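In: the following block contains a protein sequence and its predicted model.
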Amino acid sequence: MIPKIRIHLADDHQVLIDGLTNLLQTVQNFEVVGYSLDGITLHDALIEDKADILILDISMPQKDGIAVLKELQNANLTCKVIILSSYDDLKIIKEVMKLGAKGYLTKKCAGENIIEAINCVYQDQEYFSASVREKIFNSFLQNNPKLNHTPNIENPILSVREIEIITLIALEYSGKEISEQLFISMNTVETHRKNIIRKLKTKNTIGLVKYALKNNLINY
Amino acid sequence: MYRLKIFILFILFSISTNGNPMPGQTKTTEKEATAIATKQAKTKHISYLVNEKMPNKKVVSISVILVILLFVLFYFFYQNNKLKQRLKVKIIRKKILLNIINAGIDSQEIERKKIASFLHDNVNALLSSAGLHLNTFTHQNNVQSEEIQKTKAILQDVHDLLRDMSHDLIPSLLIRFGLIYALEDLCEKNSNSSIHFDFLNSISTERRYVEKFEMKIYFIVSELFNNIIKHSGATKAQIQLKENGKIFKITIHDNGIGFKTKNINDAEGFGINRIRARVKKFKGSFSIISKANEGTTIKIKIPLPH
């Protein structure tokens, strides 16, 4: 049997915790092992219930999510943090990712993505909810004239994230630059790149660029 | 001072009365003279009378002079007092006005915070959990219903509206990451194709101040930025932040049309008075240097809160 993913919730609203617990319990391999209503007791609670994933709100009384992240950074816990906040300001996202968060969800679409996010982060990939991801990508390439801004038609083979990665590779950004700008790790970039190569059945990066040109992802 | 003046004046007058009889004296002598003598002997009699009644007259003249002097002095004293009083009233009136402005701003800020935290803490959480329960339901029962999709979309719209509104009330960056961070963001957000805001800062972005101080400064700067955007027609503006010992310095410059510095007090529409009141409350200084077509420079210095 696959081990269950142990999840700890931290939010100062009981209603939200109840809602989340309800939703997460519908998934077979998830187990909500505990919750905290403030940031103060959180650290000890995490050690106690050995959670794999922490769903963390930023705005909490007394000790907010940012302070908790800083504490966890020094504490050397294996627990991975997904931020669930009503903030969707790019700067806040950037800061919490710098502080070691692995995922960022906005509360407005929490229900849709949280299961996917937990699975993703559990497998060591960063996860952002769609609107956040779009925001990050757009702010990065805002003024790049080579980017084709025509709305992407649903791609049958590649995910939206993969389209972004392939676009950036075609625009000659290095793996390091991509990882920095999209707030994801080098590993994640590499995984995406390999997945794309596999999916497109090409042999190397040149094939990716050809695909990007052919599908008008970039202007040339 | 006053006593000395009186003394000197007194001496001067007494000297002059010895040499030259005062007009008041001649009047009294004339009356007596007409009563006694004929026209021809008039002059003789006068000189005689003057000589005869010398000590008596002196007392009269001196007392008359003294009364006049006292009256004059009293008049000046009274006038002076009146002026002082008027000035006092003026100062008090100004202070009251300042207090009213500040109280207005204070209560506005308190309300802002109240509403923002209410929206963010309560309404938002309730909305999110409503969405979550809806999701749980669809997940469990595997329903594909257009109505539920619509409901979800509406919930998301409400979320966006709420977020925008609470952001307008108090920017989340300000609360979470502090003043310097929020001001940098303000520059970026206000920059567009027609105007660019430069952010020059020599303070660590992680520096935090008392919440009240941060909020006040933030709203002052955002109001000044609004003025620049609305009225100056500038294409470039910059804000410079410095912390110098115990003083927080803000310099804002733009290359817009500027205005006559003389008319600042008339420029109520620019909210300058409000800003001045706020700066004054923190015991800071506020100055505007501007000339027509040469842009505007605003300097604000505020002592740091403890």
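Out: Done, it's in. Predicted model, so just to flag it, every value in this text is computed and none were measured.
In: so which bits of chain A are right by chain B?
Out: Contact residues (CB under 8 Å from any CB of the partner chain) of chain A with chain B: A:11-13, A:15-16, A:18-20, A:22-23, A:26, A:58-59, A:64, A:66, A:86-89, A:91-92, A:95, A:106-112. To be clear about C-beta, it is placed using only N, CA and C from the backbone, and glycine gets the same treatment.
In: and those, which are buried?
Out: A:11-13, A:15-16, A:19-20, A:22-23, A:58-59, A:64, A:66, A:86-89, A:91-92, A:95, A:106-112 (16 or more other CB atoms under 10 Å in any protein chain shown).
In: next step: those residues restricted to strands.
Out: residue A:106 (DSSP state E).
In: rewinding a little: counting only helices, which of the residues of chain A next to chain B make the cut?
Out: Counting by DSSP state H, the part of the residues of chain A next to chain B found in helices is A:15-16, A:18-20, A:22-23, A:66, A:91-92, A:95, A:110-112.
In: and of the residues you listed, the nearest to residue B:143?
Out: Relative to residue B:143, the closest of those is residue A:111; by CB to CB it sits at 14.0 Å.
In: what residues are up against residue 167?
Out: Picked chain A for this. Contact analysis of residue A:167 by CB atoms under 8 Å, 6 or more residues apart in numbering or on different chains lists A:141, A:147, A:212, A:217-218.
In: sorry, I should have been clearer: chain B.
Out: residue A:89.
In: coming back round to it: most neighbours among the contacts of residue A:167, which one?
Out: For these, counting by other CB atoms under 10 Å in any protein chain shown, the largest number of neighbours falls to residue A:217: 24 neighbours.
In: not counting its neighbours along the chain, what's nearest residue B:201?
Out: Excluding the flanking residues, the one nearest residue B:201 by CB to CB, 6 or more residues apart in numbering or on different chains is residue B:241, at 4.6 Å.
In: part of a strand, is the one you found?
Out: Yes. Assessed with DSSP: H, G, I helix; E, B strand; the rest coil, residue B:241 lies in a strand.
In: where's it relative to residue B:199, distance?
Out: Per CB to CB, to the nearest Å, residue B:241 is found 8 Å from residue B:199.
In: look at those two and report which has more neighbours.
Out: Neighbour count, other CB under 10 Å: between residue B:241 and residue B:199, residue B:241 has more, with 21 against 16.
In: what bridges to the more buried one?
Out: Note on residue B:241: beta-bridge partners residue B:201, residue B:250, judged by DSSP bridges.
In: I'd say residue A:118 and residue A:5 touch.
Out: Yes. If you go by CB atoms under 8 Å, residue A:118 and residue A:5 touch, sitting 6.3 Å apart.
In: anything in contact with each of these two?
Out: Common contact partners of residue A:118 and residue A:5 (CB under 8 Å, 6+ apart): A:30, A:53.
In: more neighbours, these two?
Out: residue A:118 (24 against 19).
In: and the helix or strand hosting that one, what does it pack onto?
Out: Using DSSP states H and E, residue A:118 maps to helix A:110-122. Secondary-structure packing of helix A:110-122 (3 or more CB pairs under 8 Å, 6 or more residues apart in numbering or on different chains; DSSP states H and E): strand A:5-10, helix A:14-24, strand A:53-56, strand A:80-85, strand A:103-106, strand A:127-128, helix B:124-141.
In: closest one to residue B:73 among the ones you listed?
Out: Comparing the helices and strands packed on helix A:110-122 against residue B:73 with CB to CB, the closest turns out to be helix B:124-141 (74.1 Å).
In: closest to residue B:132 among the ones in helices among the residues of chain A next to chain B?
Out: Proximity of those to residue B:132 (CB to CB) peaks at residue A:19, which lies at 3.3 Å.
In: check contacts around the closest one.
Out: Counted by CB under 8 Å, 6+ apart, residue A:19 has contacts B:128-133, B:136.
In: can you give me the strands for chain B?
Out: Going by DSSP E, chain B shows strands at B:196-201, B:236-244, B:247-254, B:285-290, B:296-303.
In: who are the contact partners of the nearest residue to residue B:242 once chain neighbours are set aside?
Out: The shortest distance from residue B:242 to any non-neighbouring residue, by CB to CB, 6+ apart, is to residue B:249 (4.2 Å). If you count contacts by CB under 8 Å, 6+ apart, residue B:249 has them with B:240-243, B:299-301.
In: from the contact counts, what lies against the lowest-mean-pLDDT helix or strand in chain A?
Out: Every helix and strand in chain A was compared by mean pLDDT, DSSP states H and E; the lowest is helix A:130-141, with a mean of 82. On a contact count with 3+ CB pairs under 8 Å, 6+ apart, helix A:130-141 meets helix A:90-98, strand A:103-106, helix A:160-170.
In: what is the mean pLDDT for the second one?
Out: Translated: strand A:103-106. For strand A:103-106, mean pLDDT is 89.
In: who in the stretch 51-200 of chain B is up against chain A?
Out: Residues of the stretch 51-200 of chain B lying near chain A (CB under 8 Å from any CB): B:120-121, B:124-136, B:139-140, B:152, B:155-156, B:159-160, B:162-163, B:167, B:172-173, B:175-177, B:181, B:185.
In: now those: which count as buried?
Out: Buried members of these, counted by 16+ other CB under 10 Å: B:120-121, B:124-125, B:127-136, B:152, B:155-156, B:159, B:162-163, B:167, B:172-173, B:175-177, B:181, B:185.
In: low-scoring pLDDT stretches of chain B, where are they?
Out: Low-confidence segments of chain B, defined by pLDDT under 70: B:1-54, B:260-270.
In: any idea what the most centrally placed residue in chain A is bridged to?
Out: Geometric centre of chain A, nearest residue: residue A:127, 1.6 Å, by CA atoms, centre = their mean. With DSSP bridges as the criterion, residue A:127 is bridged to residue A:103.
In: tell me the contacts of it?
Out: With CB under 8 Å, 6+ apart, residue A:127 has these contacts: A:82, A:102-105, A:113, A:116-117, A:120-121.
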